[in-house]
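[1] Need coordinates for the below:
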Amino acid sequence: MVESHEGESPPANAGIQPLAEGPRRYALGMLLVIYVFNFLDRQVVNILAEPIKLDLGLADWQLGMLTGLAFALFYTVLGLPIARMAERADRVKIISVAVGVWSACTLACGLAGNFIQLLLARIGVGVGEAGCTPPAHSLISDYTPAEKRASAIAFYSMGIPLGSLAGMALGGMIADSFGWRAAFFVAGAPGVLLALLAWFTLPEPRRSAAAIAPADQPQLADAMKELFRKPAFFFMAIAAAISAMVAYGHIAFYGSFYLRNHGEGLQGLADVVNGSLGTQFGAIGFVGLVLGLLIGVFGAIGTYLGGQFADRWVAQDARAFAAIPAFALVLGVVPFLVAMLAGSTVVSLVALAFVTLLNSVWYGPVFACAQSLVKPRTRATASALILFIINLIGLGAGPVAAGLISDAFAVEHGVAEGLRLSLITIGLIGLLALPAFYMASRTLRDEVET
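    Below is the predicted model:
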């Protein structure tokens, strides 16, 4: 149901029409490529952590700072003010500058000679990446008709698994052959050119529509008031944050889980692959490649399907925004337990593929819901706020919680079984997203704007 707003000024983006199909495909494709590099540059440090540790003589807590806190803190804090800028300014220019900043800082990571230099470079990556998704979501909502918004945002969100795949697989292989510094150079260099291409070729509908007059520019207090009037927005954000906490907590330790619990099975599979293809994979390289492919391919499929399902069913009932990810969450419980408890490495990895697919379904429905619950002039702020909640809880708490729980269980059960129990515990905690999705569904039909 669309609310009535009699007596209010026209929506801030009333003069903007969706792009024609050809330009829209190009723009969405460009934004997807940008988001792939966003996650590639974000994730590559994870696969390089061990050689960095050995080369620079770092402690594990310093690696934790580089891979999580240093990035997440600046990424989450700066997301909101950059989004407020995106409500007024040229979103294409904001994204282009952001791509240039995080790519240059990724290059700087490869030049770092000590912990402080590397820490500052990683902070720069977080600062740059804070300027990507809020204006991108706002642009996508302008580019695309409302009935296709979920699939368009899901298409953009495929950058998460595809970028993770590239970061883990390519980063590891380049580091094996040329060293960890070369991996940063390869990850960062294309982004500098991509920033220029985005600046000159991405369309900004506001330029031709002159859609935001000064009187229509919302103040932060007005934007927050609008969001606080929508309980569904915050319940969806909480549900997504819990889902992200599980995802980040699991991904951070999947490699360690398989090395500790399936070391012999991994080496056996690697030997088969090496014998067939003439490669020289060890257990570590093999699990990095396999996990990268699982997360990239099946994560992309799940993200795509979530957007398609949302576009089809939200038109009939807006509660589908919450029902689709909730249903996928329930379906994922059994294959997740199989992945964690199976004695066979092959069975575990096959089950993990289904888990990855189902756990990626929520991206399109959740982010499209956030865009549909607010007026056009507040979309970038809505995106930044939901990302703030997701990353603060998910990226900030997920890996730390998984590690602490693993350490606690390891005292009695050993490091291998302790990590298994930790991942199962985190996965079961993820079921708390179900009541949040339910609470959101209660008011969604009355609160959706467009």
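[2] Run a quick neighbour tally on Leu277.
    Leu277: 9 surrounding residues under other CB atoms under 10 Å. For the C-beta atoms, the positions are set from N, CA and C on the backbone; glycine is no exception.
[3] Relative to Tyr363, how far out is it?
    In this view, Leu277 and Tyr363 are 33 Å apart by CB to CB, to the nearest Å.
[4] Equivalent analysis for Gly113, please.
    Taken as CB to CB, the span from Gly113 to Tyr363 is 38 Å.
[5] Over to Val415?
    For Val415 relative to Tyr363 (CB to CB), the value is 33 Å.
[6] before we move on, what about Met168?
    Going from Met168 to Tyr363 by CB to CB gives 19 Å.
[7] got it, and Ser383?
    Distance from Ser383 to Tyr363, by CB to CB: 12 Å.
[8] repeat for Phe178
    For Phe178, the distance to Tyr363 - CB to CB - is 33 Å.
[9] Looking at the two now, which is surrounded by more residues?
    Neighbours were tallied for Phe178 and for Tyr363 using other CB under 10 Å; the higher tally belongs to Tyr363 (29 against 12).
[10] by contact count, what packs against the helix or strand that contains Gly171?
    Assigned by DSSP states H and E, Gly171 falls within helix 159-178. If you count contacts as 3 or more CB pairs under 8 Å, 6 or more residues apart in numbering; DSSP states H and E, helix 159-178 packs onto helix 21-47, helix 180-201, helix 283-293, helix 299-314.
[11] what's the closest of those to Val127?
    Val127 lies closest to helix 21-47 among these, at 12.3 Å (CB to CB).
[12] Which positions in the closest one come out as buried?
    24, 27-28, 30-47 (16 or more other CB atoms under 10 Å).
[13] downstream neighbour of it in the secondary structure list?
    Using DSSP H and E, the helix or strand that follows helix 21-47 towards the C-terminus is helix 49-56.
[14] What is that following helix packed up against?
    Using 3+ CB pairs under 8 Å, 6+ apart: helix 49-56 touches helix 60-64, helix 115-129, helix 180-201.
[15] and if we set it to 10 Å?
    Under the contact criterion of 3 or more CB pairs under 10 Å, 6 or more residues apart in numbering; DSSP states H and E, helix 49-56 touches helix 60-64, helix 115-129, helix 159-178, helix 180-201.
[16] Just name the shakiest helix or strand of this structure by mean pLDDT.
    Ranked by mean pLDDT, DSSP states H and E, the helix or strand of the chain with the weakest confidence is helix 60-64, at a mean of 66.
[17] quick one: buried residues of the very next helix or strand once past that one?
    Helices and strands here follow DSSP H and E; after helix 60-64, the next one along the chain is helix 70-86. Residues of helix 70-86 classed as buried under the neighbour-count rule (16+ other CB under 10 Å) are 70-76, 78-80, 82-86.
[18] same question, stretch 410-420
    410, 416, 418-420.
[19] Closest one to Trp199 out of those residues, please.
    Taking the buried residues of stretch 410-420 together and measuring to Trp199 by CB to CB, the closest member is Leu419, at 44.9 Å.
[20] close enough to count as contact, Gly163 and Asn46?
    No. The criterion here is CB atoms under 10 Å, and Gly163 misses it with Asn46 at 12.0 Å.
[21] Got the confidence number for the closest residue to Leu331 other than its chain neighbours?
    Distances taken as CB to CB, 6 or more residues apart in numbering put Leu358 closest to Leu331, at 5.4 Å, once the chain neighbours are dropped. In this prediction, Leu358 carries a pLDDT score of 96.
[22] Would you agree Leu358 is in contact with Leu329?
    Yes. The criterion here is CB under 10 Å, and Leu358 meets it with Leu329 at 7.3 Å.
[23] just to revisit the earlier point, least confident of the buried residues of helix 70-86?
    Scoring these by pLDDT puts Ala70 last, at 68.
[24] tell me the helices in the stretch 201-350 of the chain, going along the chain?
    With helices called from DSSP state H, counting those that start in this stretch, the stretch 201-350 of the chain shows them at 205-209, 220-228, 231-261, 263-277, 283-293, 299-314, 320-331, 333-341, 345-358.
[25] got those as TSV, with distance to Ala368 columns?
    Output for those, formatted as TSV (distance: least, CB to CB, whole Å):
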stretch	distance to Ala368
helix 205-209	18
helix 220-228	16
helix 231-261	10
helix 263-277	38
helix 283-293	27
helix 299-314	6
helix 320-331	7
helix 333-341	25
helix 345-358	18
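[26] Please name the nearest non-neighbouring residue to the spatially most central residue of the chain.
    In the chain, the residue lying closest to the centroid (CA atoms, centre = their mean) is Ile160, at 4.7 Å. When the adjacent residues along the chain are set aside, Ile160 lies closest to Phe39, with 5.5 Å between them (CB to CB, 6+ apart).
[27] these two touch, right, the one you found and Tyr156?
    No. Using CB under 10 Å, Phe39 is not in contact with Tyr156; the gap is 11.5 Å.
[28] Thr356 contacts Val290, doesn't it?
    No. Contact criterion CB under 10 Å: Thr356 and Val290 do not qualify, at 11.6 Å.
[29] For the residue nearest to Leu331, give me its contacts.
    298, 302, 305-306, 325, 327-333, 335-336 (CB atoms under 10 Å, 6 or more residues apart in numbering).
[30] Which among those residues count as buried?
    Looks like the contacts of Leu358 have 298, 302, 305-306, 325, 327-329, 331-332, 335-336 buried, using 16+ other CB under 10 Å.
[31] Backbone dihedrals for Asp90, please?
    Main-chain dihedrals, Asp90, degrees, to the nearest 10: phi -80, psi 110.
[32] and the closest residue to it other than its chain neighbours, what is it in contact with?
    Leaving out its chain neighbours, the residue that sits closest to Asp90 by CB to CB, 6+ apart is Glu204, at 5.4 Å. By CB under 10 Å, 6+ apart, the residues touching Glu204 are 27, 89-95, 135, 139, 142.
[33] Likewise for Gly394?
    Gly394 makes contact with 72, 240-249, 387 under the criterion CB under 10 Å, 6+ apart.
[34] still on that earlier bit, tell me which two in the contacts of Glu204 are the farthest apart.
    Ala27 and Ala89 (18.0 Å).
[35] Name the SS class of Gly131, please.
    Three-state assignment for Gly131 (DSSP: H, G, I helix; E, B strand; the rest coil): coil.
[36] now it, nearest residue through space, not along the chain?
    Ala98 (3.1 Å).
[37] just Ser96 next, same as before
    Computed as CB to CB, 6+ apart, the closest residue to Ser96 that is not its neighbour in sequence is Trp199, at 3.9 Å.
[38] Quick check: that neighbour touching Ala98?
    No. At 11.1 Å, Trp199 does not count as touching Ala98 under the criterion of CB under 10 Å.
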